[in-house]
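[1] Requesting a structural model of the entry that follows:
(chains A and B)
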There are 2 protein chains.
Amino acid sequence: MPFSYEFARPALTVDIVVFALDEADLQVMLIERDLEPFAGRWALPGGFVRVEETLEEAARRELQEETGLVNIYLEQLYTFGEVERDPRERVVTVAYYALVNLQGHNVRASTDARNAAWFAVSDLPDLAFDHEQIVDAALERLRGKLRYQPVGFELLPRKFPLRQLQHLYEVVLDRELDKRNFRKKMLSMDILVELNEIEKDVAHRAAKLYRFDKAKYDRRTRGGFNFEV
Amino acid sequence: MPFSYEFARPALTVDIVVFALDEADLQVMLIERDLEPFAGRWALPGGFVRVEETLEEAARRELQEETGLVNIYLEQLYTFGEVERDPRERVVTVAYYALVNLQGHNVRASTDARNAAWFAVSDLPDLAFDHEQIVDAALERLRGKLRYQPVGFELLPRKFPLRQLQHLYEVVLDRELDKRNFRKKMLSMDILVELNEIEKDVAHRAAKLYRFDKAKYDRRTRGGFNFEV
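    Here you go, the predicted structure:
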């Protein structure tokens, strides 16, 4: 039973900022647009919300269709509703951000044959629509979260050396951290499990591997911890 | 130039959780619905987003129309998009939360003659739609924010005794705090200005008044502080 809606409806989309970490930088997944407006420009993966799917379902469907990514950490970021953000008509977009461990996922070009690629957040091309603003908001959220929630572990493989965890914090927070202090603080939080394994196939001296202990984290904290670096 | 939109569009609304603080409890503003569905039930103020207004403009317009509240602290909370959340048709709602100092604002019944009233969050009536879930999310956000941002000051008059600030934290966090510790921690954060004034017209011994020093806060912190209680 449709009800009276006296005004024209904005269109509703989802857009997803997918973050991943490589040895050098924090990366964002972009799609090359093949249609106007902004044809040839890079944009976030995303698309229209269908009437029969939730917002998160729409985000996961678009991600799968455009990048092949499935089963990844996904969280709602913010809803962007500036009146002129799409030159065609009024479009409101619910933005999500996603965190991906590059070792666990392969990204492929989209099924609809558009080009998908990773870009370093420190060196993004000009983006379509207000997508630069959406990336900035996602980055700010990620930086904030890293300080008080263990969300960053989603960017790492399941087993990692402390060096890689420090690299994650350094890249996301965009500053160098003291190795000794970092390890001391991280270990004192008692949310890591030291494994009986070391790195394999590395050129440098193989380091001990750790994993994140989510159960311990959940028991020890309620409402987040505070990681002051 | 409207573009091709192959699927039916969800309707888009805003809903606002308006918090205020009185001597006893944290309050939420509700509106009595006069139309089906949920006629006679209490609901959050809100309504449809128009094509020519931003989401925040829609929230401020609805607040003014339904409660008379203007110029208040307003922040986007979360967008709720469960498929069956409105029994009429698919409606996605962008929820906001607002903080009001009761001494500075009068709330009136709405212009469209519906009943508006404050309810203690600890004793809410059955709400329409998924509005209980939206209130819960707003409360959780408020509790989190109070720990690391000075957002709670929006609920207080401009000048307040420390007793009232402690009351705010106790009511929002829903637990008693030690007076000595609270004062020590709050003053050590150095974001309050002690005024040369005391309370007027109070039955108990008049206490010294303070105000929040936003400029100092902005200088001293970047990205929030951490108030561990």
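[2] So in terms of bridging, what pairs with A:Tyr96?
    A:Ile16, A:Gln76 (DSSP bridges).
[3] where's it relative to chain B, distance?
    10 Å (Cβ to the nearest Cβ, to the nearest Å). (Glycine included, C-beta is placed from N, CA and C.)
[4] What pLDDT is listed against that residue?
    A:Tyr96 is assigned 98 on the pLDDT scale.
[5] now swap in the one 3 residues further on and tell me
    Per-residue confidence for A:Leu99 comes out at a pLDDT of 94.
[6] Would you mark the buried spots in the worst-scoring helix or strand of chain A on mean pLDDT?
    Lowest by mean pLDDT, DSSP states H and E among the helices and strands of chain A is helix A:214-220, with a mean of 77. Of all the residues in helix A:214-220, those buried under the rule 16 or more other Cβ atoms under 10 Å in any protein chain shown are A:Tyr217.
[7] what sits up against stretch A:149-166?
    A:19-21, A:72-73, A:75, A:99-101, A:103-104, A:142, A:145-146, A:168-169, A:172, A:177, A:179, A:182-183, A:186, A:191, A:195, A:197, A:199, A:207-212, A:214, A:217, A:224-225 (Cβ atoms under 8 Å, 6 or more residues apart in numbering or on different chains).
[8] just checking, which of those residues belong to helices?
    A:142, A:145-146, A:168-169, A:172, A:179, A:182-183, A:186, A:214, A:217 (DSSP state H).
[9] of all these, which two lie farthest apart?
    The distance between the two most remote of those (Cβ to Cβ) is 25.1 Å, for A:Lys179 and A:Lys214.
[10] Please work out how many residues are found near A:Phe160.
    Neighbourhood size, A:Phe160 [other Cβ atoms under 10 Å in any protein chain shown]: 23.
[11] how close does it get to chain B?
    On the measure of Cβ to the nearest Cβ, A:Phe160 and chain B end up 26 Å apart.
[12] What's the separation between that residue and A:Phe212?
    A:Phe160 sits 9 Å away from A:Phe212, going by Cβ to Cβ, to the nearest Å.
[13] Now do the same for A:Glu194: its pLDDT.
    Reported pLDDT for A:Glu194: 94.
[14] Would you confirm that it contacts A:Phe212?
    No. When contacts are counted by Cβ atoms under 8 Å, A:Glu194 is not listed as touching A:Phe212 (11.7 Å).
[15] higher neighbour count, the two?
    Using other Cβ under 10 Å as the criterion, A:Glu194 and A:Phe212 rank with A:Phe212 on top: 19 against 11.
[16] what's the closest non-adjacent residue to the more buried one?
    Nearest residue to A:Phe212 in three dimensions, chain neighbours excluded: A:Phe153, at 4.3 Å (Cβ to Cβ, 6 or more residues apart in numbering or on different chains).
[17] how far away is that neighbour from chain B?
    20 Å.
[18] Could you grab the helix/strand/coil label for that residue?
    Counting by DSSP: H, G, I helix; E, B strand; the rest coil, the backbone at A:Phe153 sits in helix.
[19] Torsion angles phi and psi at A:Gly68?
    phi 80, psi 0 (degrees, to the nearest 10).
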